[in-house]
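>>> Quick check, what structure comes out for this input:
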Amino acid sequence: MRLQFLFFLPAVLAWWNCELPIGTGDNGRCIDGTTGNWDACSASNPCRVQGNGCSPQGSRIANCS
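As a prediction, this is how the structure comes out:
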């Protein structure tokens, strides 16, 4: 039960979740748990581990970790 809560918690708190890149030239993307909007990860801060946090930078770009 605790493990399920940990996976549910980020969406409730509107943390940004990272989706790994697919293919060449893709840096991954992040989803806002509140709005459901996807933002592209920046080239300087691509998504490296699925589920890591991201911070919005405006213009639908995010710095991912």
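
>>> Show me what the helix or strand hosting Asn17 is packed against.
Using DSSP states H and E, Asn17 maps to strand 16-19. In this structure, strand 16-19 packs against strand 29-32, strand 38-41, strand 54-58, strand 61-64, with contacts taken as 3 or more C-beta pairs under 8 Å, 6 or more residues apart in numbering; DSSP states H and E. To be clear about C-beta, it is placed using only N, CA and C from the backbone, and glycine gets the same treatment.

>>> Can you lay out these as a markdown table showing mean neighbour count?
Shown next, in a markdown table, are the helices and strands packed on strand 16-19 (neighbours: other C-beta atoms under 10 Å):
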| stretch | mean neighbour count |
| --- | --- |
| strand 29-32 | 22 |
| strand 38-41 | 19 |
| strand 54-58 | 14 |
| strand 61-64 | 22 |
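
>>> TSV for the ones you listed, including distance to Ile22 and mean pLDDT?
Shown next, in TSV, are these (distance: least, C-beta to C-beta, whole Å; pLDDT from 0 to 100):
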stretch	distance to Ile22	mean pLDDT
strand 29-32	9	84
strand 38-41	12	91
strand 54-58	16	83
strand 61-64	14	88
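
>>> Need those strands in a markdown table (columns: distance to Arg48).
Below are these laid out as a markdown table (distance: least, C-beta to C-beta, whole Å):
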| stretch | distance to Arg48 |
| --- | --- |
| strand 29-32 | 12 |
| strand 38-41 | 9 |
| strand 54-58 | 11 |
| strand 61-64 | 7 |
